[in-house]
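# I'd like to go over a predicted model; first the sequence, then the structure.
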Amino acid sequence: MLTTEVAELTGKRHDHVMRDARKMLVELHGEGGLPNFGDTYRNEQNGQDYPCYRLPKRELMVLVTGYSVAMRAALVDRAARPVSSASQKQSQ
């Protein structure tokens, strides 16, 4: 998912999402990992291209759970539940 979409869905400014995503990506992957996530988007109003990040699911979840206490709590609660036997069989 692009950081532009994250900004739209969370109601945050894109430059703030970019700042947060960059900080997170550096912490997770180091400065050298940033180009792996770099992308651009075209602003429809002025036709110019601007930088953004394309985040895979893991990095997306790390970023957005930092924005939502409810989402963090739901993930912590789910992680605390025992894994069902059906889920265990699927993962084997």
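Yep, it's here. Residues are numbered from 1 along each chain as shown.

# Ignoring the adjacent residues along the chain, who's closest to residue 37?
Counting by Cβ to Cβ, 6 or more residues apart in numbering, residue 37 lies nearest to residue 53, which is 4.6 Å off, once chain neighbours are set aside. (Each C-beta comes from the backbone N, C-alpha and C, glycine too.)

# From residue 83, how far off is that neighbour?
Distance, residue 53 to residue 83, using Cβ to Cβ, to the nearest Å: 32 Å.

# And those two? Which one has more around it.
residue 53 (23 against 10; other Cβ atoms under 10 Å).

# Return the residues in contact with that one.
2, 3, 18, 21, 22, 25, 37, 38, 39 (Cβ atoms under 8 Å, 6 or more residues apart in numbering).

# could you redo those as CSV and give each row secondary structure and neighbour count?
Compiled in CSV, the contacts of residue 53 are given as follows (DSSP: H, G, I helix; E, B strand; the rest coil; neighbours: other Cβ atoms under 10 Å):
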residue, secondary structure, neighbour count
2, strand, 17
3, helix, 27
18, helix, 18
21, helix, 23
22, helix, 16
25, helix, 21
37, helix, 18
38, strand, 11
39, strand, 13
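
# now, among these, which is nearest to residue 75?
residue 21 (18.5 Å; Cβ to Cβ).

# What about the nearest residue to the closest one once chain neighbours are set aside? Give its phi and psi, please.
Spatially, and ignoring its direct neighbours in sequence, residue 21 is nearest to residue 53 (4.8 Å; Cβ to Cβ, 6+ apart). When read as degrees, to the nearest 10, the backbone of residue 53 gives phi -120, psi 150.

# Residue 49 now?
phi -90, psi 140.

# what about it, neighbour count?
Neighbours of residue 49 (other Cβ under 10 Å): 11.
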